[in-house]
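Q: Need a 3D model of the following:
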Amino acid sequence: MPRARAAAGLAIVVVLAAASGCDDRETASDTAPELAPLAIADQEDPVCGMLVRNQSAPRGQVQHRDGSRFAVCSLGDLLVHLSAPSRHGAVTRVWVEVLAPDEDPGATHLEPHPWVDAGDATFVVGVPRRGIMGTPILSYRSPEDADAVVQAHPGARSFDFEQLQRWWRERS
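A: Next up is the predicted model:
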């Protein structure tokens, strides 16, 4: 009889867990608030260890399921961070700073820039930049802004965020 009660109790727990929606596949919206990007202050890049505010825009920010926030000093570091497993859970939000269409893409831009959701930005690769470690990746608010930069720089290419991530994984 005690085994039957234990089995019945276990069945009730399973049914209640299923009814309450409790499962290990929590989605981002179930667990983390939708926060706005933070102002760049004294954050240290988790990929390279550099002080983010001392690096040229565009920079990035990531929010994880547990609410942890990380700022990175380059979009290359952002892609490295996104490709690595994290003890903070799934990434729930990604923001990038966007350059203005009239800014020199090869120049250093230390001042703060507007933040946009990475999925709304257009990215440009193939533009040489001074003082940038790794692969220079630029971000713009619109495809038209990015296309103007691509037209002015032979060999440059533009991508949406999904295409950029695929390009990053497949590059040689």
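Q: Do you have the helices of this structure handy? List them.
A: 2-19, 28-31, 75-83, 143-152, 161-170 (DSSP state H).
Q: tell me, what residue is most central in the protein?
A: Here the mean C-alpha position of the chain is nearest to the C-alpha of Val94 (Cα atoms, centre = their mean), at a distance of 3.4 Å.
Q: Looking at that one now. What's its pLDDT?
A: Val94 carries a pLDDT value of 95.
Q: What's the local residue count around the nearest residue to it once chain neighbours are set aside?
A: Among residues not flanking Val94 along the chain, Ala118 sits closest, at 4.0 Å (Cβ to Cβ, 6 or more residues apart in numbering). C-beta here means a position set from N, CA and C on the backbone, and glycine is covered the same way. Here the number of neighbours of Ala118 (other Cβ atoms under 10 Å) works out to 24.
Q: The one 3 residues further on now?
A: Ala121 has 29 neighbours, counted by other Cβ under 10 Å.
Q: just Asp117 next, same as before
A: Using other Cβ under 10 Å as the criterion, Asp117 is surrounded by 12 other residues.
Q: so what's it scoring on pLDDT?
A: Each residue has a pLDDT score; the one for Asp117 is 96.
Q: Just the CA atoms of the lengthiest strand in the chain, as CSV, please.
A: For the chain, the strand with the greatest residue count under DSSP state E is strand 91-97. Only the C-alpha atoms of strand 91-97 are listed here, as CSV (Å, rounded to 0.1, in the frame of the first residue of the first chain):
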residue,chain,number,x,y,z
VAL,A,91,20.7,35.4,-24.0
THR,A,92,17.5,37.3,-23.8
ARG,A,93,18.4,40.7,-25.3
VAL,A,94,21.3,42.1,-27.4
TRP,A,95,21.8,45.8,-28.1
VAL,A,96,24.4,47.5,-30.3
GLU,A,97,25.5,51.1,-30.6
